[in-house]
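Asks: Structure for this input, please:
(chains A, B and C)
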Amino acid sequence: MLIQNIEDLDSLIRKIVKNSNPSQPIAIDTETTDLNPFKAELVGIGICWGSGTNDLAYIPIGHNISNNYNQIPLEEVINKLSPWLSDKRKPKVLQNAKYDRLIFLRHGLTLKGVILDTMLADYIIDPNRKHSLDEIAKREFGFTPQGFSDLVKKGETFAEVDILSASLYCGMDVYLTRKIGILLTEELEQESPKLLNLLKEIEQPLEPVLAQMEATGIRIDVPYLKKLSAEIQERLMKVEKNVHNISGQLFNLASPKQLGEILFETLQLDRKKSRRTKTGWSTDVNVLERLESDHEIIPLIIEHRVLSKLLSTYVDALPQLVEEETKRVHTDFNQAVTATGRLSSSNPNLQNIPIRTEFSRQIRKAFLPKENWSLLSADYSQIELRILAHLSGEESLQETYKKKGDVHAMTAKILLEKESISLDERRLGKTINFGVIYGMGAQRLSRSTGISQAEAKHFLNRYKERYPKIFAFLELQERLALTQGYVTTIFGRRRPFKFNPNGLGRLLGKDPFEIDLNLARRGGLEAQQLRAAANAPIQGSSADIIKIAMVELQRKIDEENLPAHLLLQVHDELVLETDIHALNHIKNIVVNTMENAVSLSVPLLVETGVGDNWMEAK
DNA sequence: ATAGTCACG
DNA sequence: ACGTACGTGACTATA
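Replies: Predicted coordinates for the structure are as follows:
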């Protein structure tokens, strides 16, 4: 049904408002001019309320060509649709609701009653597979929908698509969304109530919180970055000139291939300190550091690498991503990308803003709160190690956390068998504590700490003796990955693993304790998979916990109408902007919410910082 | 498109 | 004896 006038629209509304059956949600989808919800204009809306061919409607709104067909003024659509759209008792199903929510939000429309997001449901069932509507339809029905690029020519937008074609395309999308929604719900209900709970209680409630964070965006000090850019460019020119002088020839410093030839052929530097890649000699930071004292050119190359990275990825990139309308950058938090349950951030990625060196940290000065407000950063202290202590049941570790002791120092004391330790020795404890979470071996331990491989081996063995339950837990995860085909987090999130059916795949269904792990770890790829399996419950549980905290925190902000905005999530850290007058009250709420998001056998600890920019707040 | 590199937790 | 520290996204070069 193609909506052609107000009467059509009225009759559509009458059909959909009747429904409040949660097992028969109504599918809705927006068509727009841009993938970026902050630039996109609304072109049309599709709605599907049943499985019949007449249970579909398309509302054309913003097509540029409207030959022979009417469009409905945006104002009318908003007025007529808003009561149903914002009614939480009217069940709806969407594919990637966050996108449509942001589109609606920009047009003053509130979306409520999303009882299923097909993208998130598909992600929860198996995070490894693809979650686009087209891919799900191919997989579940063997049906390939018309591709977007077949409909919209290069350089054009959906607004250029004729209304009839658009209605068929959008109609198919909403039809599929509804059908997939019903199918995936049944699958979850029958096969895993725990996963359904994770979807309904954590992932779906988080979606509007993320939408809110993205819509708010974060303020950027553009003039400051421009100044920084000029300084970095000037320095880069000088360094480049020096490098070319020393090497005696002009070449592209940004080309690893050309740089490798200069270092290991022209200058004849020690090839044993590098390794071969598919394209030539490796020139990564490890190689360069090994060569550092061999030739005066190396420090200059390292400096050039660091500065050009910072310039192109952050200093010059961020101002370009400031939205004209809001003067802020609006990242995209992707909720259905990672294998472990973490979020990811893109366009720009605000989860990898530099911090590790004094100079790079300066970039954080460019992240500002709303005028006259403050930035508040709150991060979980050692959350992954605490989760490991909880999951493994390792009492000594749990006791130390309960007594607010220094876990890294304790580990160092145990490994070195002495009562008092130096700062460097504590660092060794820290490296091992974090290393075991990733399945680190003796070689890596010796390389990252400078101790001998024999010593590293000794420390790992001793760690295993003194923390037996940690290793039992990690090994169990590997056994479960092999015999059960997946591992799980505290909240039941699954990460599936696939092994070659002629090899380790044959272990599926076997008794997990009858497996020889040394045999399983034979191949490089298999060993890598098993380390990932041991790590996933830890990383994934951490993701579960911070997601719960975010939902709860936003709920409190809304309920108390607090002058605070959640802005960023960086895996174990939340960044907010808050009115300074309510700072202490809000800080308390943030800390309490994060620390009490879940109850484990060890306490969770949250540390905070406040400042006029992100550098000061950390 | 892929490879190499490097920013973060 | 030796592989072999987990998870991401963005940039540049090169094909």
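Asks: helices and strands around the helix or strand bottoming out on mean pLDDT in chain A, which ones?
Replies: The weakest-scoring helix or strand in chain A, judged by mean pLDDT, DSSP states H and E, is helix A:517-520 (a mean of 80). Here helix A:517-520 touches helix A:468-483, helix A:524-560, going by 3 or more C-beta pairs under 8 Å, 6 or more residues apart in numbering; DSSP states H and E. Yep, even glycine has a C-beta here, placed from its N, CA and C like the rest.
Asks: which one of those lies closest to DNA strand C?
Replies: Closest of these to DNA strand C is helix A:524-560, at 3.2 Å (criterion: C-beta to the nearest atom of the strand).
Asks: Do that closest one and DNA strand B come into contact?
Replies: Yes - with C-beta under 7 Å from any atom of the strand as the criterion, DNA strand B is reached by helix A:524-560 at A:Q539.
Asks: What are the buried residues along that helix?
Replies: Within helix A:524-560, the residues that count as buried by 16 or more other C-beta atoms under 10 Å are A:526-527, A:529-554, A:557.
Asks: if we can go back for a sec, got the buried residues for the least confident helix or strand of chain A?
Replies: Per 16+ other C-beta under 10 Å, helix A:517-520 contains these buried residues: A:A520.
Asks: is any part of it close to DNA strand C?
Replies: No - using C-beta under 7 Å from any atom of the strand, helix A:517-520 never reaches DNA strand C; the gap is at least 7.9 Å.
Asks: May I have that helix exported as CSV, CA atoms only?
Replies: Output of helix A:517-520 as CSV, limited to C-alpha atoms (Å, rounded to 0.1, in the frame of the first residue of the first chain):
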residue,chain,number,x,y,z
LEU,A,517,45.1,-29.8,25.5
ASN,A,518,48.8,-30.0,24.5
LEU,A,519,47.7,-32.0,21.5
ALA,A,520,44.9,-29.6,20.7
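Asks: got a list of contacts for it?
Replies: Residues from elsewhere that reach helix A:517-520, judged by C-beta atoms under 8 Å, 6 or more residues apart in numbering: A:475, A:478-479, A:482, A:504, A:507, A:526, A:530.
Asks: Run through the residues of chain A sitting next to DNA strand B.
Replies: Residues of chain A lying near DNA strand B by C-beta under 7 Å from any atom of the strand: A:256, A:260, A:277-279, A:282-285, A:287-288, A:305-306, A:309-310, A:313, A:351-357, A:360, A:539, A:570-573.
Asks: Secondary structure class of A:E156, three-state.
Replies: With DSSP: H, G, I helix; E, B strand; the rest coil as the basis, the three-state label of A:E156 is coil.
Asks: what about stretch A:355-362, start to end distance?
Replies: Stretch A:355-362 has an end-to-end distance of 8 Å (criterion: C-alpha to C-alpha, to the nearest Å).
Asks: related to what we said a few turns ago, which among the residues of chain A next to DNA strand B count as buried?
Replies: A:256, A:260, A:282-283, A:287-288, A:305-306, A:310, A:313, A:351, A:353-354, A:360, A:539, A:570-573.
Asks: and stretch A:302-318, how far from the chain's centre?
Replies: 22 Å (C-alpha atoms, centre = their mean, to the nearest Å).
Asks: residues in contact with the residue of the stretch 1-150 of chain A at minimum distance from DNA strand C?
Replies: Nearest residue of the stretch 1-150 of chain A to DNA strand C, counting by C-beta to the nearest atom of the strand: A:P127, 7.5 Å away. Taking C-beta under 8 Å, 6+ apart, we find A:P127 in contact with A:336, A:338-341, A:494-496.
Asks: Just give me the closest of these to DNA strand B.
Replies: Of the contacts of A:P127, the one sitting nearest to DNA strand B (C-beta to the nearest atom of the strand) turns out to be A:T340, at 8.3 Å.
Asks: from what I can see that closest one touches A:R494, true?
Replies: No - the criterion here is C-beta atoms under 8 Å, and A:T340 misses it with A:R494 at 10.5 Å.
Asks: Who has more neighbours out of these two?
Replies: A:R494 (24 against 19; other C-beta atoms under 10 Å).
Asks: Identify the bridge partners of the more buried one.
Replies: A:T488 (DSSP bridges).
Asks: do you know how far it is from A:L385?
Replies: The gap separating A:R494 from A:L385 is 23 Å, by C-beta to C-beta, to the nearest Å.
Asks: Then A:P501?
Replies: 36 Å.
Asks: ok, those two, which is more surrounded?
Replies: Neighbour tally, A:P501 and A:L385, criterion other C-beta under 10 Å: the higher count belongs to A:L385, 22 against 9.
Asks: before we move on, which element is the more buried one in?
Replies: helix A:383-392 (DSSP states H and E).
Asks: hmm, back to that, I'd like the distance from the least confident helix or strand of chain A to the chain centre, please.
Replies: With C-alpha atoms, centre = their mean, you get 32 Å for helix A:517-520.
Asks: following the helix holding A:L385, which helix or strand comes up?
Replies: helix A:395-402.
Asks: That next one - contacts with which helices or strands?
Replies: helix A:383-392, helix A:407-416.
Asks: For stretch A:34-49, list every residue counted as buried.
Replies: Buried residues in stretch A:34-49 (16+ other C-beta under 10 Å): A:37-38, A:40-49.
Asks: first to last residue in that stretch, what's the distance?
Replies: Stretch A:34-49 end-to-end distance (C-alpha to C-alpha) = 26 Å.
Asks: Which residues are in contact with A:N36?
Replies: A:N347.
Asks: In three-state terms, label it for me.
Replies: Going by three-state DSSP: A:N36 is coil.
Asks: next one: A:N584
Replies: helix.
Asks: Could you check how far it is from DNA strand B?
Replies: 25 Å (C-beta to the nearest atom of the strand, to the nearest Å).
Asks: That residue: neighbour count?
Replies: 11.
Asks: next one: A:L568
Replies: With other C-beta under 10 Å as criterion, A:L568 counts 22.
Asks: Helix A:524-560 and the helix or strand harbouring it, what's the angle between them?
Replies: Of the helices and strands defined by DSSP H and E, A:L568 is found in strand A:564-569. In terms of direction (axes from the mean of the first three to the mean of the last three C-alpha atoms, to 10 degrees), strand A:564-569 departs from helix A:524-560 by 170 degrees.
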